[in-house]
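# coords please:
(one chain, ligands or ions: 2)
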Amino acid sequence: MITIAIANQKGGVGKTTSAINIATALAATGKRVLLIDLDPQGNASTGLGISHAQRDKSSYDVLIGNATLADAVVATEVPGLDIVPATVDLSGAEVELVDFDARTHRLDTALNNAAITWDVTLIDCPPSLGLLTINAMIASDALFVPLQCEFFALEGLSQLLTTVERIRARFNPGLSILGVALTMYDRRNRLTDQVSADVRAVLGRVVFDTVIPRNVRLSEAPSHGMPALIYDHRCSGSQAYIALAREMIARLPGLAGGTAAAA
Ligand code: ADP
Ligand code: MG
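Numbering: from 1, shown residues only. Ligands and ions are numbered 1, 2, ... in the order given. Okay, the predicted model is just below:
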C-alpha cells in the first residue's frame, strides 16, 4: 500500500482534477484505490458524484476522531475506487485540532489503523500549507505536485519544498517527491512552451514527461459527477491522465507488480 498526497498551496492548478482522474486510471488497472478528499470545498467528492446524504461521515469526522476511516468510506461508481468525502465542516478542523494531541498525525494514525487496506491512497489537499496539508504529508509516502503552465508556475514551489523539508526532518523522513506534472498546457500559446522548458530546466527529471493539456472535457466532467475518464475517455485530457498514471506506476516499483498498465 502506498499513500500519495496531491499538493500545491496554489488554488486552481489541477489538484482535484488530477486526483479524480489519476485515481480512476489507477482503478482501471485493477488497483484498489482510495481517494481522501481533504479540501473543505469537497470538489473531489462532488466530482465523483457523492451526494450530501452520502457524506454523513467525512474526512472531518476521521480527523476529529468521530469516525474510523472504514466508517467514512463510500464506494464510488468507478469500480475499485472508494472515497472518504469532505464537507465544509473541514474548514473548522484546523482550528479545532489545535487542542488535540498529535494534531499533525491524525490522518496518519487513521490510515495506519484502518481495518481495510487499498493498493493506493491518494489525498486531495486544500490550497494551503496548513494543518490539513501537513496531516496529508505526514501520512504519505510520496508527493505529487501539479503545476499550472502559466508565467508564475514556479512561484510558491520553493515554499512547498521548504515545507516538505521540514516534514522530512521532523516527522516523516521517508516522504519522497514522486513528481511534478504540468497541467493546463495550451499548445496554441507559445508562452506555455516557454514555461514548460523553464520548469524542466529548473526541476529536471522530477517533471513527468506527460503534460496535461487544457481540455474543456476535463472541466465539464465534474458537473456530471463523473471522472473525465468515464465522461469521455477518448478526449485529450483523459488520454493524458492515462499516460500520466502509467508514468506514476513506473516510478513506484512496489505498485508495478502484475499490472497491464505498467507495460
Ligand atoms: P485545484 O484542485 O488545484 O484547485 P482544480 O482541479 O479544481 O484545481 O482545477 C481548477 C479548475 O480548472 C476547475 O474548474 C477544473 O475543472 C479546471 N481544470 C483543471 N484542469 C484542467 C485542464 N487540464 N483543462 C481545462 N480545465 C481544467
Ligand atoms: Mg481542489
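# quick one, strands of the stretch 151-263 of the chain?
176-183 (DSSP state E, counting those that start in this stretch).
# So which bits of the stretch 101-250 of the chain are right by ligand 1?
Within the stretch 101-250 of the chain, the positions near ligand 1 by C-beta under 6 Å from any ligand atom are 127, 183-184, 212, 214-215, 218-219, 222, 237. C-betas here are computed from N, CA, C, even on glycine.
# can you rerun that using 5 Å?
Selection of the stretch 101-250 of the chain residues close to ligand 1 by C-beta under 5 Å from any ligand atom yields 184, 212, 214-215, 218-219.
# Need the nearest residue in space to the residue of the stretch 1-150 of the chain found nearest ligand 2, chain neighbours excluded.
Ligand 2 sits closest to Thr16 of the stretch 1-150 of the chain, with a gap of 3.3 Å, by C-beta to the ion. Of all residues not flanking Thr16 in the chain, Asn43 sits nearest, at 4.5 Å (C-beta to C-beta, 6 or more residues apart in numbering).
# same question, His224
Tyr231 (5.6 Å).
# Next one, pLDDT for the residue nearest to Thr16 please.
Asn43 is assigned a pLDDT of 98 by the prediction.
# likewise Ala261?
We have a pLDDT of 39 for Ala261.
# Which positions in this structure make contact with ligand 2?
Contact residues, the chain versus ligand 2 (C-beta under 5 Å from the ion): 15-16, 39, 43.
# Count the residues that sit near the nearest residue to Ser219 once chain neighbours are set aside.
Spatially, and ignoring its direct neighbours in sequence, Ser219 is nearest to Thr17 (7.7 Å; C-beta to C-beta, 6+ apart). Using other C-beta atoms under 10 Å, Thr17 has 28 neighbouring residues.
# can you check the one 5 residues further on too?
Applying other C-beta under 10 Å, we find 26 residues neighbouring Ile22.
# My guess is it contacts Thr121. True?
No: the pair Ile22 / Thr121 is not scored as a contact, 11.9 Å apart, by C-beta atoms under 8 Å.
# For ligand 1, give me its nearest residue in the stretch 51-200 of the chain.
Met184 (4.6 Å; C-beta to the nearest ligand atom).
# isn't that residue right up against Val211?
No: applying C-beta under 8 Å as the test, Met184 and Val211 come out as separate, 9.4 Å apart.
# higher neighbour count, the two?
Met184 (23 against 18).
# quick revisit: pLDDT at the residue of the stretch 51-200 of the chain closest to ligand 1, what is it?
Taking Met184 on its own, its pLDDT is 96.
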